[in-house]
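>>> Model the following, please.
(one chain, ligands or ions: 1)
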Amino acid sequence: MSLSFSTAQNYIGGHFRPHAGKNIEVVSPLTGAVISSAPLSAKEDLDAAVVAAQAAFPAWSARTLKERVQVFFRLHGLLEKHKAELSALVTAENGKTLPEAEAEVLKGMELCEFACSLPQILSDEIQEVSKGVECRTAHVPLGVVASIVPFNFPLMVPLWTIPNAIALGNCMILKPSEQVPLSAHRLAELLAEAGLPDGVFNIVNGDRDIVEAICDHPGIEAVSFVGSTKVAKIVYRRSTDRLKRCLALGGAKNHLIVLPDANPDISAANIAASMAGCAGQRCMAASAMLAVGKTDHIIAQICDEARKIVPGKNLGAVISKEAKARIERYIAEAEAAGARVLVDGRNAVVPGSENGYYVGPTVIDNVTPDMAIAREEVFGPVLAILRTDNIDQAIAIENNSSYGNASSVFTQSGGLANYVIERVSAGMVGVNVGVPVPREPFSFGGWNESRFGVGDITGKSSIHFWTKLKKTTTKWDPEAWKDWAS
Ligand code: NAD
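As a prediction, the model looks like this:
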């Protein structure tokens, strides 16, 4: 398929618009070549988007929920129809493999399915609380809301927020990652084709300046953020300081606890895939493996699996030259501090894509808890193995992490699995699962410094974030005054 890359543009009030700021180059990690450019918008571009969203809000929020979700039935069909094109676009701008990009489109469709189920889930409560007196709750949209997203899932992470926030009656401003603005641009076209009225969905591209302007803007009621913990803290503090509702998902350091009785085949395949999938650039990626007791045979098998993962074939590129340098620096520092590099992905070169940003799968043994590679988010296809004598030492290392997105345990014992489930400090836990992402309708969200704010970003939990409750008490029966509570 031949793809042409137009310049990403802001999308405001149903039209792609020129912007007031500069442009930044968009580079494909697969080749290192410039494939497009993205606007670095100015504050007046955001102002225009807020005006457009505010203008669209009264009519959009006045429609029934059942009517609003029709857009997402149609978007679901369009995502399916354009799956090949969208996957190629995601691959070109993000660097992940085509099957990984396809999985991203499929997950986006599943997120639309959840939004389409909202009328079934969201029957508001009504009850006769005393004779002739009724109380009812209604979920009321907030108004104009913003969604700020990272580079690693250019299509899926925007779809964590767009369907639910908009189906629930809000109008949205999306701020894509300036590294991958093209999938969001295409999504705006598909939302228009799906029948979304002008102004309900808007895109304002940009970097730090526009994120800060979103946090400060008095016309924006709520801000959702997905990205690194450093920026999540900035966005959470700044938005809530302006008295906005904010849910900010941050980075991760996910621990896998591997017990000696684990099934070696299942464990090795799942751990290697979790560590290297999407080139390790998943907030749910296996990052630190806590090998409890006699697990050498499993580690050997993980190395065998890792060697089957080949850059440029079944392993994509990392996002930038800087990311490649950062990942390789973590490996070198761990090695210099005494860790053993069992599988070394440094200096990977893909024939025909010599300028692409590739790091091969890397497995490092004898990592100690004080090393940076054991504590910090590497965000590359690297597995750091820490040896422990018993399960409680492993849990203590997991509990000591400042993050808390995901943890998994590999074992054949239900009792030991439960022991770990009860004690790990993470929002999403797996048993013999390398990437324990909950499928819809179960919600997605971590703990500790992997998430700031209340609730999760998808599933039923997100309903509370995107709406406010109106509680109405109604008295019709003239006799009802006799009751003390009415
Ligand atoms: P990032 O934090 O650098 O950027 C995220 C967004 O914030 C982008 O839109 C970017 O333009 C903006 N931004 C960057 N620096 C900023 C600053 N100083 N002030 C204000 N805004 C700023 O994250 P990234 O590199 O795009 O994505 C990778 C990170 O996202 C990883 O840490 C990963 O774990 C995390 N992530 C977390 C989840 C989750 O669910 N917890 C999901 C996906 C990615």
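>>> check contacts around residue 440.
Residue 440 makes contacts with 110-111, 113-114, 458-459, as judged by CB atoms under 8 Å, 6 or more residues apart in numbering. Bear in mind the C-beta positions are built from the backbone N, C-alpha and C, glycine included.
>>> right, I mislabeled it, should have said residue 381
Applying CB under 8 Å, 6+ apart, the residues contacting residue 381 are 275-276, 279-280, 309, 315, 327, 345, 359-362.
>>> And it, how far from the ligand?
From residue 381 across to the ligand, the span is 14 Å (CB to the nearest ligand atom, to the nearest Å).
>>> so residue 29 touches residue 356, yeah?
Yes - Residue 29 is within contact range of residue 356, at 6.3 Å (criterion: CB atoms under 8 Å).
>>> any shared contact partners between these two?
In contact with both residue 29 and residue 356: 95, 317, using CB under 8 Å, 6+ apart.
>>> Looking at those two, which one has more neighbours?
residue 29 (30 against 22; other CB atoms under 10 Å).
>>> Break the chain into its domains for me.
Per the record, the chain has its domains at 10-250+450-471, 254-431, by automatic domain parsing.
>>> Please produce CSV containing those, extended by distance to residue 442.
Conversion of the domains of the chain to CSV gives the following (distance: least, CB to CB, whole Å):
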stretch, distance to residue 442
domain 10-250+450-471, 6
domain 254-431, 9
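>>> Turn these into CSV, including mean pLDDT.
As requested, the domains of the chain are arranged in CSV below (pLDDT from 0 to 100):
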stretch, mean pLDDT
domain 10-250+450-471, 97
domain 254-431, 98
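>>> picking that back up, from the contacts of residue 381, pick the one nearest the ligand.
residue 280 (10.4 Å; CB to the nearest ligand atom).
>>> Please list the residues of this structure that sit near the ligand.
When proximity is defined as CB under 6 Å from any ligand atom, the chain approaches the ligand at 148-152, 157, 175, 177-178, 207-208, 211-212, 226-228, 231, 234, 249-252, 283, 377, 379, 405, 446, 450.
>>> Can I get the buried part of those residues as one ChimeraX selection?
Per 16 or more other CB atoms under 10 Å, the buried members of the residues of the chain next to the ligand correspond to this ChimeraX selection:
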select :148,149,150,151,152,157,175,177,178,207,211,212,226,227,228,231,234,249,250,251,252,283,377,379,405,446,450
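>>> mind listing which of the residues of the chain next to the ligand are in strands?
Using DSSP state E, 148, 175, 226, 249 are the members of these that sit in strands.
>>> Mind picking the two most distant members of these?
The largest separation in those, counting by CB to CB, is between 175 and 249 at 14.4 Å.
>>> tell me the contacts of the residue nearest the centre of the chain?
Nearest to the mean C-alpha position of the chain, counting by CA atoms, centre = their mean, stands residue 157 at 4.6 Å. Neighbouring residues of residue 157 by CB under 8 Å, 6+ apart: 149-150, 226.
>>> One more: residue 388?
Here residue 388 is in contact with 290-293, 394, 397 (CB under 8 Å, 6+ apart).
>>> Kindly recompute the last result at 6 Å.
290, 292, 394 (CB atoms under 6 Å, 6 or more residues apart in numbering).
>>> Can you tell me the closest non-neighbouring residue to residue 342?
In space, and not counting its chain neighbours, residue 342 is closest to residue 363: 4.5 Å by CB to CB, 6 or more residues apart in numbering.
>>> still on that earlier bit, please identify which of the ones in strands among the residues of the chain next to the ligand is nearest to the ligand.
Nearest to the ligand among those, with distances taken as CB to the nearest ligand atom, is residue 249, at 3.6 Å.
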